[in-house]
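S.K.: got a predicted model here, sequence first, then my questions.
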Amino acid sequence: MKLELRHLRVVCAIAEAGSLSKASSLLGLAQPALTAQLHRIEALLGGRLFERDHRGARPTPLGELVLERARVLLPAFSRLQEDALRLVDDDAPAERYRVGAVNGPMLGGLVHRLTEARPGAHVSTQVSWSGDELAAMVAAGRLDYVLVGVCGDAPPPSEHGLTWNVVAVDPVFVLLPEDHPLTSRDEVELGALKDVQWAVTPGDGCFGDCFVAACSRAGFTPRTMYEVDIGSCIDLASAGDAVALCQPTFRRTPGLTAMPIAGVPLRWRHLVGWDPEGPAAGFGPDVLRHAAEAYREVAERNPRYTAWLPDHPEYGAVPHRAAVPTAP
């Protein structure tokens, strides 16, 4: 096996995230798979790239050398791809959709709809646990659109001057084993889960603080909160080692049930953003429409959620998606 650009992206992701657990979520990989990949890269380069302990992962001298070169090569390669696309046909420039997304339900469906509606377009994606990072990439011209989720009424990343449109508003559900006693109910009281461990995927914003506040209102302080990737959330919930906080559109998984929380103490808004002054703005309404269609499709996969929605009409897809103002 030879060293490839994808290996350099892995090394950079670990360095930027500061730990393998956060990098695995950023890259969409299970942590064991990422660890195995890092070991293969280190074997190729002949030494350890990171010192790892309970505080995270820190580059070794060899790691610093690799990172220094990677941070030159990766942007250069990305610019090469972009320049090649622009020069393919000067008279008919390639239409492109560069979409960034934080963990959410719409990305796959959006890509499918864009490629189906625009067969000649170049569609690319980038994922991150940080909505602010992706918004900054849109502002810098490195992405065209960004899909983010924000907690409750919190604003989307506002310092980058993007136009934001709400696609849907979701309650936050809990992921329980199908044979859990609470799954026989229509909703779960948050206080009934006061003695459990919790699991959640990483992200920026206020969700962690809002969750603790919701637990406090329910009369308890939450125990251990595991911050893990999606695969690990599923594993922990399946084993009964933790209750995972999830979106109601979570894809059905054998042995698990996504349950609504009584009183809806936590909400999540899905938004699409773009630069109003950039060339992608003209296609923004189309992207918004496709994102809404993708959301509706994944929402219909969860019968418990579709049965819950008629009694809670303020949730689900937003019928008129007005722009969310950004801070001046």
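M.R.: Yep, that arrived.
S.K.: and Leu34, helix, strand or coil?
M.R.: Three-state call for Leu34 (DSSP: H, G, I helix; E, B strand; the rest coil): helix.
S.K.: now Arg113
M.R.: The assignment at Arg113 comes out as helix when based on three-state DSSP.
S.K.: give me the helix or strand of this protein that scores worst on average pLDDT.
M.R.: Least confident helix or strand, the chain: strand 323-324 with a mean of 46, by mean pLDDT, DSSP states H and E.
S.K.: residue boundaries of the strands in this structure?
M.R.: Secondary structure of the chain, counting by DSSP state E: strands at 50-53, 56-59, 96-101, 122-127, 145-151, 163-171, 173-177, 198-200, 225-227, 243-246, 256-260, 267-274, 316-317, 323-324.
S.K.: now those strands as TSV including mean neighbour count and distance to Ser184?
M.R.: Where C-beta positions appear, they are placed from N, C-alpha and C, glycine not excepted. What follows is the strands of the chain, written out as TSV (neighbours: other Cβ atoms under 10 Å; distance: least, Cβ to Cβ, whole Å):
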stretch	mean neighbour count	distance to Ser184
strand 50-53	13	43
strand 56-59	17	42
strand 96-101	23	35
strand 122-127	16	36
strand 145-151	25	29
strand 163-171	21	20
strand 173-177	22	11
strand 198-200	21	22
strand 225-227	16	26
strand 243-246	24	16
strand 256-260	22	10
strand 267-274	24	25
strand 316-317	20	25
strand 323-324	16	39
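S.K.: check Asp83 and give its pLDDT.
M.R.: Asp83 is assigned 64 on the pLDDT scale.
S.K.: name the residue closest to the centre of this structure, please.
M.R.: If you average the C-alpha coordinates of the chain and look for the closest C-alpha using Cα atoms, centre = their mean, you land on Asn103, 1.6 Å from that point.
S.K.: pretty sure it contacts Trp129?
M.R.: Yes. The pair formed by Asn103 and Trp129 meets the contact definition of Cβ atoms under 8 Å, at 6.9 Å.
S.K.: tell me the residues that contact both of those two, please.
M.R.: Listed as contacting both Asn103 and Trp129 by Cβ atoms under 8 Å, 6 or more residues apart in numbering are 25, 201, 203.
S.K.: pretty sure Asn165 is touching Val287, no?
M.R.: No. Under the criterion of Cβ under 8 Å, Asn165 lies out of contact with Val287, with a separation of 9.3 Å.
S.K.: for stretch 172-186, measure first residue to last.
M.R.: Here the two ends of stretch 172-186 are set 15 Å apart, with distance taken as Cα to Cα, to the nearest Å.
S.K.: roughly how far out does it sit from the chain middle?
M.R.: How far stretch 172-186 lies from its chain's middle: 24 Å, per Cα atoms, centre = their mean, to the nearest Å.
S.K.: what sits up against it?
M.R.: By Cβ under 8 Å, 6+ apart, the surrounding residues in contact with stretch 172-186 are 188, 192-193, 233-234, 237-238, 240, 243-248, 250, 255-261, 264-268, 305, 308.
S.K.: contact partners for Glu314?
M.R.: If a contact means Cβ under 8 Å, 6+ apart, then Glu314 has Val169 as its contacts.
S.K.: do you know the pLDDT at it?
M.R.: According to the prediction, Glu314 has pLDDT 92.
S.K.: then stretch 60-76 to PDB, C-alphas only?
M.R.: C-alpha atoms of stretch 60-76 as PDB (Å, rounded to 0.1, in the frame of the first residue of the first chain):
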ATOM      1  CA  THR A  60       4.800  13.500  17.500                       C
ATOM      2  CA  PRO A  61       7.700  15.200  15.600                       C
ATOM      3  CA  LEU A  62       7.100  12.800  12.700                       C
ATOM      4  CA  GLY A  63       3.400  13.800  12.900                       C
ATOM      5  CA  GLU A  64       4.200  17.500  12.800                       C
ATOM      6  CA  LEU A  65       6.300  16.900   9.600                       C
ATOM      7  CA  VAL A  66       3.500  15.000   7.900                       C
ATOM      8  CA  LEU A  67       1.000  17.700   9.000                       C
ATOM      9  CA  GLU A  68       3.200  20.500   7.600                       C
ATOM     10  CA  ARG A  69       3.400  18.800   4.200                       C
ATOM     11  CA  ALA A  70      -0.300  17.700   4.200                       C
ATOM     12  CA  ARG A  71      -1.500  21.300   4.900                       C
ATOM     13  CA  VAL A  72       0.200  22.300   1.700                       C
ATOM     14  CA  LEU A  73      -0.700  19.400  -0.500                       C
ATOM     15  CA  LEU A  74      -4.400  19.100   0.400                       C
ATOM     16  CA  PRO A  75      -5.400  22.700  -0.400                       C
ATOM     17  CA  ALA A  76      -3.300  22.500  -3.600                       C
END
